[in-house]
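> sequence? don't have it. structure:
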């Protein structure tokens with residue numbers, strides 16, 4: 001029952017764990033009076049604690065104050081033979097006939113109901129043996145209303161809150177002094193575990209009484225009953241109001257102090273750095289690797305002018321791992337809510353991010369929840385203060401950022417070229433040189449010697465001079481094992497095998513003629529030289545030069561034309 005009531009803002013009663021030990025009729029007094037007061041709209045009045053009878057008559061006094069319109073005296077005894085009477089301030093003994101009096105008699109309890117009781121000292125007389133106690137309920141023209149809390153309030157243990165109340169007389173708010181307003185908060189399911197009193201002070205002219213209340217973290221979580229009473233003399237209440245709230249052991253978020261790196265409830269100071277727009281654009285790319293690489297150049301500041309504030313969730317001074325947390329930030333002096341993101345860093349650590357509107361003070365309000373066992377699944381709130389300063393990055397910070405960024409860009413370019421190098425085909429195939437129909441030389445393109453830098457940046461491009469041929473051409477090798485060629489000079493001594501010009505754009509050509517005497521009077525050594533471009537060197541390739549003319553066969557894929565007495569034949 002206790003667990004159920006703690007989870008539902010209720011109060012559990014057990015007559016075997018009451019005001020006296022064991023099972024006793026006296027133990028029903030607490031919940032009988034509580035329920036009667038709650039349902040009938042009455043206030044608990046003067047009371048007499050459990051008293052042991054000595055076989056004779058025991059007389060005890062209790063006080064009735066002004067403003068009391070109705071009085072119920074409830075006497076509970078554990079022996080049916082005990083008799084009960086009360087005496088008014090003017091000496092009348094009840095339950096004799098009395099105007100406005102009614103009485104309920106029972107073997108274990110006696111109830112006197114009195115309309116407009118006389119103010120002053122009253123006496124209770126009990127004759128017999130055993131034990132008894134007295135409770136009372138009153139109706140007064142004074143009224144108490146608790147205004148700052150509601151019955152469904154769920155608050156965290158260890159954090160202060162305010163109890164506010166108003167006092168009225170016949171419907172009119174009392175705005176002056178002259179009454180005492182006191183309150184108490186007690187653990188509802190066993191008042192012995194926690195019970196604390198407080199005094200409410202009034203604001204003159206408003207009629208509002210308030211007090212700051214705090215229940216420590218080591219108090220039991222569950223339902224607590226708050227009672228606010230008003231009295232004039234001897235702490236005897238004239239009117240009261242009560243409600244139940246729940247206090248739970250919620251995980252509490254704290255910011256980490258930039259100086260000590262320890263959780264603190266105090267306001268923290270943070271500086272937000274604003275980088276130039278280009279750096280912001282570069283390091284704001286939605287790629288996690290970019291965010292990781294930004295740490296060094298931006299000196300661990302975010303690329304955008306975000307406030308990033310580290311924190312930790314704790315319960316009783318220890319990190320709490322099972323919390324769910326949300327937050328919102330507000331600028332002091334404005335009602336605008338700043339969107340805030342909470343990132344869980346694990347092991348109770350977190351950090352928040354938000355884009356500040358301007359320099360100044362921000363209040364961050366957290367909502368946290370824990371496991372059902374700790375908090376019954378409800379949320380608690382906590383507010384923390386941040387002082388923010390926004391500044392532009394200094395020259396040295398910008399210089400370092402651009403220096404590292406330039407290095408990153410250079411590395412990226414080199415990686416791109418390295419990737420392109422590995423996917424670009426290398427030179428393959430060969431050329432065969434013939435003069436007057438005779439093969440006089442041949443060269444494998446893969447054995448050409450080139451500048452290492454040129455080879456790295458242009459792996460599949462080879463100059464004719466680098467390939468052991470006269471200058472004036474560039475070869476490009478494709479993944480399809482084809483070879484393209486273009487002219488790279490203004491005065492070209494090269495032409496295609498069909499006599500056409502070698503174009504300045506790459507095109508596939510299988511036969512080239514080098515004619516150095518093309519633009520001058522030919523000498524004896526200036527005869528044209530023919531070069532066959534073989535894209536793929538097959539192991540089955542063979543040359544037959546047993547006759548004056550020649551034929552090259554490369555297997556089933558290539559067939560190169562040959563010179564003959566009737567001229568150049570077509571080829572595939």
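Nice, I can see it. Because the structure is a prediction, the values reported are computed rather than measured.

> Show me where the stretch 101-250 of the chain has its helices.
Using DSSP state H, counting those that start in this stretch, no helices are found in the stretch 101-250 of the chain.

> Give me the below-cutoff pLDDT ranges for it.
101-102, 176-178, 191, 204, 232-235 (pLDDT under 70).

> Swap in 50 and give it another go.
Counting by pLDDT under 50, the stretch 101-250 of the chain contains no low-confidence segment.

> before we move on, what about the chain?
376, 539-572.

> mind listing what's buried in the helix ranked longest in it?
Using DSSP state H to define each element, the chain has its longest helix at helix 395-423. By neighbour count on 16 or more other C-beta atoms under 10 Å, the buried set for helix 395-423 is 397, 400-401, 404-405, 408. For the C-beta atoms, the positions are set from N, CA and C on the backbone; glycine is no exception.

> Taking those residues, tell me the two that lie furthest apart.
Largest separation among the buried residues of helix 395-423 by C-beta to C-beta: 397 and 408, giving 16.4 Å.

> re earlier: so after the longest helix of the chain, what's the next helix or strand?
Remark: after helix 395-423, the chain's next helix or strand is strand 430-435, criterion DSSP states H and E.

> Centroid-nearest residue for the protein?
residue 342 (2.4 Å; C-alpha atoms, centre = their mean).

> which residues in the stretch 1-150 of the chain form strands?
For the stretch 1-150 of the chain, the strands defined by DSSP state E, counting those that start in this stretch cover 43-44, 48-52, 57-64, 68-77, 83-87, 93-94, 101-105, 109-115, 120-127, 131-140, 142-146.

> relative to strand 109-115, how tilted is the fifth one?
Yep, that's strand 83-87 we're talking about. Inter-element angle recorded for strand 83-87 and strand 109-115: 20 degrees (by axes from the mean of the first three to the mean of the last three C-alpha atoms, to 10 degrees).

> Would you mind finding the most buried of the strands of the stretch 1-150 of the chain?
Neighbour counts (mean count of other C-beta atoms under 10 Å) averaged over each of the strands of the stretch 1-150 of the chain peak at strand 131-140, with a mean of 23.

> roughly how far is that strand from the heart of the chain?
53 Å (C-alpha atoms, centre = their mean, to the nearest Å).

> Neighbouring strands - and their directions - for it?
Sheet pairing of strand 131-140 (DSSP bridges) gives strand 43-44 (antiparallel), strand 48-52 (antiparallel), strand 68-77 (antiparallel).

> closest to residue 180 out of those?
Checking the strands paired with strand 131-140 against residue 180 by C-beta to C-beta gives strand 43-44 as the closest, at 14.3 Å.

> Which strand residues bridge the residue nearest to the centre of the chain?
With DSSP bridges applied, residue 342 shows beta-bridge pairing to residue 352.

> What distance do you get for it to residue 158?
Separation of residue 342 from residue 158 (C-beta to C-beta, to the nearest Å): 21 Å.

> Same question for residue 64.
41 Å.

> Could you do residue 151 as well?
Residue 151 sits 22 Å away from residue 158, taking C-beta to C-beta as the criterion.

> When these two are compared, which one has more neighbours?
residue 158 (17 against 11; other C-beta atoms under 10 Å).

> and the more buried one, what are its phi and psi?
Here is the backbone geometry of residue 158 (degrees, to the nearest 10): phi 90, psi -10.

> Please name the residues that touch the spatially closest residue to residue 151 that is not a sequence neighbour.
Counting by C-beta to C-beta, 6 or more residues apart in numbering, residue 151 lies nearest to residue 243, which is 5.1 Å off, once chain neighbours are set aside. Residues near residue 243 by C-beta atoms under 8 Å, 6 or more residues apart in numbering: 146, 149-151, 225-226.

> Name the nearest of those residues relative to residue 73.
residue 225 (23.3 Å).

> so what's the closest residue to the closest one other than its chain neighbours up against?
Once flanking residues are discounted, residue 225 sits nearest to residue 188: 4.6 Å by C-beta to C-beta, 6+ apart. Counting by C-beta under 8 Å, 6+ apart, residue 188 touches 5, 10-12, 222-225, 244.

> what would these look like in CSV with distance to residue 201 and neighbour count?
CSV is the format used below for the contacts of residue 188 (distance: C-beta to C-beta, whole Å; neighbours: other C-beta atoms under 10 Å):
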residue, distance to residue 201, neighbour count
5, 32, 18
10, 31, 17
11, 28, 22
12, 33, 17
222, 29, 27
223, 27, 22
224, 21, 28
225, 22, 18
244, 24, 19
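
> Pick out the most distant pair among these.
Pairwise distances across the contacts of residue 188 (C-beta to C-beta) peak at 13.1 Å, for the pair 12 and 224.

> Relative to the whole chain's centre, how far out is stretch 397-405?
Distance, stretch centre to chain centre, for stretch 397-405: 31 Å (C-alpha atoms, centre = their mean).

> Provide the contact partners of that stretch at residue level.
273, 275-276, 279, 282, 296-299, 393.

> just stretch 414-427 next, same as before
445-446, 448, 456-457, 459-460, 462, 467, 475, 477-479.

> what do you get if the cut-off is 6 Å, keeping everything else the same?
By C-beta atoms under 6 Å, 6 or more residues apart in numbering, the surrounding residues in contact with stretch 414-427 are 445-446, 456, 459-460, 462, 477, 479.

> out of those residues, which are buried?
Buried, going by 16+ other C-beta under 10 Å: 445, 459-460, 462, 477, out of the contacts of stretch 414-427.

> Next, format these as TSV and append distance to residue 30 and secondary structure.
Converted to TSV, those look like this (distance: C-beta to C-beta, whole Å; DSSP: H, G, I helix; E, B strand; the rest coil):
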residue	distance to residue 30	secondary structure
445	105	helix
459	94	coil
460	96	coil
462	103	strand
477	99	strand
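
> If we only consider those residues, which is nearest to residue 42?
Nearest to residue 42, judged by C-beta to C-beta, of those is residue 459 at 98.1 Å.

> How about the closest one, nearest residue that isn't a chain neighbour?
Residue nearest to residue 459 in three dimensions, not counting chain neighbours: residue 424, with 4.4 Å by C-beta to C-beta, 6+ apart.

> likewise residue 62?
Residue 62 sits nearest to residue 46 (C-beta to C-beta, 6+ apart), 3.9 Å away.

> Could I get the phi/psi values of that neighbour?
phi -60, psi 150.

> Hmm, it is touching residue 136, no?
Yes: in this structure residue 46 lies within contact range of residue 136 using C-beta atoms under 6 Å: 5.1 Å.

> The contacts of stretch 397-405, buried ones only, as a ChimeraX selection?
Listed next is the ChimeraX selection for buried residues among the contacts of stretch 397-405, using 16+ other C-beta under 10 Å:
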select :273,275,279,282,297,298,393
